[in-house]
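Q: Attaching a predicted model along with its sequence, questions to come.
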Number of protein chains: 2
Amino acid sequence: MDARGGSGSGTSDEDRWARAAWSRLAEPGDERAVELIADHGAAGALALVLDGSPEAHETFVRRAERLDVDRDLEIAERVGARLVCPDDEDWPSGVDDLDTPPICLWVRGPADLSALARRSVAVVGARSCTSYGDLVAADFGAGLADRGFAVVSGAAFGIDAAAHRGALAVDGVTIAVLAGGVDRAYPVAHETLIHRIADTGAVISEVAPGSAPTRPRFLLRNRLIATMTTGTVVVEAGLRSGSLNTARTAAGHFRPVGVVPGPVTSMVSAGCHQARRDGFAEIVTDVAEVIDLVGAIGRDAAPRPSAPVRNDDGLDPADAAALASVPVRKAASVLSIAVAAGLVPSSVLASLARLELLQLVVREGEGWRKRPPERAGTA
Amino acid sequence: MDARGGSGSGTSDEDRWARAAWSRLAEPGDERAVELIADHGAAGALALVLDGSPEAHETFVRRAERLDVDRDLEIAERVGARLVCPDDEDWPSGVDDLDTPPICLWVRGPADLSALARRSVAVVGARSCTSYGDLVAADFGAGLADRGFAVVSGAAFGIDAAAHRGALAVDGVTIAVLAGGVDRAYPVAHETLIHRIADTGAVISEVAPGSAPTRPRFLLRNRLIATMTTGTVVVEAGLRSGSLNTARTAAGHFRPVGVVPGPVTSMVSAGCHQARRDGFAEIVTDVAEVIDLVGAIGRDAAPRPSAPVRNDDGLDPADAAALASVPVRKAASVLSIAVAAGLVPSSVLASLARLELLQLVVREGEGWRKRPPERAGTA
C-alpha cells in the first residue's frame, strides 16, 4: 500500500489526491474548506480552486499556485507515511465529532487508528514539567499502554515525551500527533523519539509533508488529540497551558477529562486544579482511575453508541483474512487459523479478539469458530 | 461570670447544673440521653437517673454513683472554663444540626462561639503530615484568621497544630475542640499551644472537666468540629484518616468541604483526593478558594439564613458594653469608646465589626457612631 492507497476504502483515487491537495491548501480547522468540500466533494472543490472560480476563496487560489501534490505524496512515501481519508477503515472516527474535522491525515507507522475510538487516552501536559510530572506521565503512559490503551500525545518536551516514553518502555502503542508534517521531527531534539513512535505506533499530522509546525497549528493539532481519543488526562499544566485547551476541547466533545493533582505550591499543577474546580475534569491519581474515567460513558446525556457492528463489512485486511480462515462448524486453534490465513499467531489472536467483540466469531474451548450468520443477524 | 453563669440565657441554674451532670453521665452522641432530656428536660431526666427510675438507663444510673457535679464545676472555674448551654447566646448553633447535639459545652477562652456560625472554618488533617501539609495548614490558618475567620481544629499533632499556630501567628481567633476535658491538655506535648489557644480563642469540650480523651470521644468530637463551622478543609489525610470522618460529617450536614490536593505519590494526600473523587469535596488550593467555598451557600436546597439581626437584643456582654459607649450624634474613636466602656481597644474593635455587621453602628471617617434607630429599623 503506497501513500495513495486506502485500505478497502470507497474513496476514489481522485478524491484521495484532492484531499492530499487540500491538506496543503487549507489550514487545519478552516471552515471554508470544510464547506466547499461538503458542497462539491474534495475533487470538485479542488477543481473550483484550480479554475480560480469566484466561489473558491482567494487564500486557496493563491496557495494553489505553489501546489505540488505529487511531490508531497512522494515525500510521504519516502518516509513511509500513508494518507488516511475519512472513509478509510483506518480513520480515527472520533475526529468526526469536530465542526471542522481534518480533510485527511498523514500517518507514519503501523498502529491501527480505528482502534483509537475504543481504547486510547491522550496524556498531555506542560513542556516545562517538574520531575514529579515526568514521573507520573511516564507511569501513566506505561500503565495505560500495558493495559492495551494507545497513549496519544504531542511529542513535545516534558509531559508529552514522558507519556510516549512510558508507553514505549512496555512495548505499548503510542501515537504522536504533530503540528507540522510527519516527515519533520519537531522538536528536533525528539527526532529519535518520534522515529521510535513511528516504528511501532503512529506519527500523525493533518498538514502535508514538509509543512512547518506553526503556532496556530499547535492549537489546532490539540483538537485532534482531544477527539481521536476516548479521554484526556492532563498531568501538569500551568494556568495558560495549551494542554488545558486540549482538555477543554475533549470535555466540549463529551470526552472524560482527568487531571493529576499536585502540590498547591507548584505552578504547573495550578492548571490541573483549576480544570477540576471549573468542573470539566475529575482528578485522577493512578492508572486504574484513568481507565475508570475513560471507560465511563461521557457526560453527554445520550450515551455514545457502543453497539457492535453486526457484519463483516469494513474489517481491516488482517481481521478479514483471519475471519476467512475461521471454520464455521468446528472450532480451530489460533495456530491453525494463522497457518491457514498466512498470518503470525499474535496478529491472529488480536484479530480474533476484535472479531469476537464484533460478534463474528465465538470461542469454543481452546479454539474459535465463526458465529453462524443467522445468529449474528439477530439483535 | 463563673462556670455556672450563662450570659443572658433563659436556662435556669437547675437546668445548667443538670446539663453539667449529663456531660459526665452520658457519652457524647448518646441518643438515649438526648431522648430523656427531650422528654423530661435536663433536670427532670437527671432526677429519673438519681431516683434509679426504670425509665433511666442502667448506664446512667451506674455512672451517677460517682457523679460530683460541684467538683467538675470547681475544676472548670479553676481553669477559667465556663459552661455553655443550648439556649445561651454563646452557643455555637451549628451543632444543633446534629441528631445528637451536645447537651452542653465546657469552654475555656474569650472567643464568641456564636460567631462561629458566620465566619469559621475547620482546618483538619493527618497527625503524621508532611512538611508540605504543615506549610499549607499554617498558611491557611493564618490567611483565614487574618480575614476574620475563626480557625477550628482538634489540637492534634500535624495539620491541626499547624492550622492553630498559623491563626495564632496573625493574632487571629482559633478554637480547639478536645476529646477530653478542657482542663486536660491533650496531647500533653501541646500543653503550651492549648494554653495559648485558651488565652485568645477557645478550648472546647463536650465532656466534663477531668474526663479522659478516649478513642470513641475523638470520633464524636469530630462531629462538633464539622458542624460548629461553616465549612471544613482537609489539608492532608490518609485513606482511613479521622479527618475524612470530619469531612463526611460536614458534607452530610450540608457544609461545604474543601480538600487540598497534593502529589499522587503521597499517602497523606490520598484521602483528600478520594474525598474529591467521592464527590463530597472540592479541591482548594489557596485561602481565597477556601473563603469562596465556605462563603457559598451550602448544598442544602434551602439557603441557610444569613440576614442580620436587626436589634440589640442578645448581644454578648462585651459587644453590648461597646455599643452602649458608641455616641449617636458624633462619631468617636475606638480608643475613646474603649475608655468609656472600660474595655481594651482590640476587643472594642472586634465588637464594632460585629455591631457593624448587625447594622447597629456605622463608620464615619476614623470613628464610629450608633446607627439612628429609625434607620436601623428599616428593612
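A: Cool, the structure landed. Numbering: from 1, shown residues only, chains lettered A, B, ... in the order given.
Q: residues from the stretch 151-300 of chain A in reach of chain B?
A: When proximity is defined by CB under 8 Å from any CB of the partner chain, the stretch 151-300 of chain A lies next to chain B at A:260-265, A:269-270, A:273, A:276-277, A:282-283, A:285-286, A:289. All C-beta atoms are positioned from the backbone trio N, CA, C, and that covers glycine.
Q: Only whichever of these are buried, select them in PyMOL.
A: In PyMOL, this line selects whichever of those come out buried by 16 or more other CB atoms under 10 Å in any protein chain shown:
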select buried, chain A and resi 260+261+262+263+264+269+270+273+276+277+282+283+285+286+289
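Q: got the contact list for the residue in chain A that chain B sits nearest to?
A: Among the residues of chain A, residue A:261 lies closest to chain B, at 3.3 Å counting by CB to the nearest CB. Applying CB atoms under 8 Å, 6 or more residues apart in numbering or on different chains to residue A:261 gives the contacts A:269, A:272-273, A:276, A:283, A:285, B:261-264, B:269, B:273, B:283.
Q: What of residue A:211?
A: A:24, A:180, A:181, A:184, A:205, A:217.
Q: just checking, which of those belong to strands?
A: Mapping those onto strands (DSSP state E) picks out residue A:205.
Q: of all the contacts of residue A:211, which two lie farthest apart?
A: Farthest-apart pair in the contacts of residue A:211 is A:24 and A:184; separation 14.0 Å (CB to CB).
Q: Tell me which two of the contacts of residue A:261 sit farthest apart.
A: A:276 and B:263 (15.3 Å).
Q: And the strands in chain A?
A: Going by DSSP E, chain A shows strands at A:81-84, A:105-108, A:120-124, A:150-153, A:174-178, A:202-205, A:232-234, A:257-259, A:282-283, A:361-364, A:367-370.
Q: Neighbouring strands of the fourth one in the sheet, and parallel or not?
A: Strand pairing for strand A:150-153, using DSSP bridges, gives strand A:120-124 (parallel), strand A:174-178 (parallel).
Q: Can you lay out those strands as TSV showing mean pLDDT, mean neighbour count and distance to residue B:119?
A: Output for the strands paired with strand A:150-153, formatted as TSV (pLDDT from 0 to 100; neighbours: other CB atoms under 10 Å in any protein chain shown; distance: least, CB to CB, whole Å):
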stretch	mean pLDDT	mean neighbour count	distance to residue B:119
strand A:120-124	98	32	41
strand A:174-178	98	29	50
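Q: so which of these gets nearest residue A:132?
A: Of all the strands paired with strand A:150-153, strand A:120-124 comes closest under CB to CB, at 14.9 Å.
Q: Residues in contact with that closest one: which ones?
A: A:137, A:140-141, A:144, A:149-154, A:159-160, A:163, A:175, A:222, A:225-226, A:228-235, A:237, A:243, A:246-247, A:250, A:290, A:294.
Q: now could you export just the CA positions of it as CSV?
A: Taking Å, rounded to 0.1, in the frame of the first residue of the first chain, the C-alpha atoms of strand A:120-124 are listed here in CSV:
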residue,chain,number,x,y,z
SER,A,120,-7.0,5.3,23.8
VAL,A,121,-6.1,8.0,26.2
ALA,A,122,-4.5,11.4,25.5
VAL,A,123,-1.8,12.1,28.1
VAL,A,124,-0.7,15.7,27.8
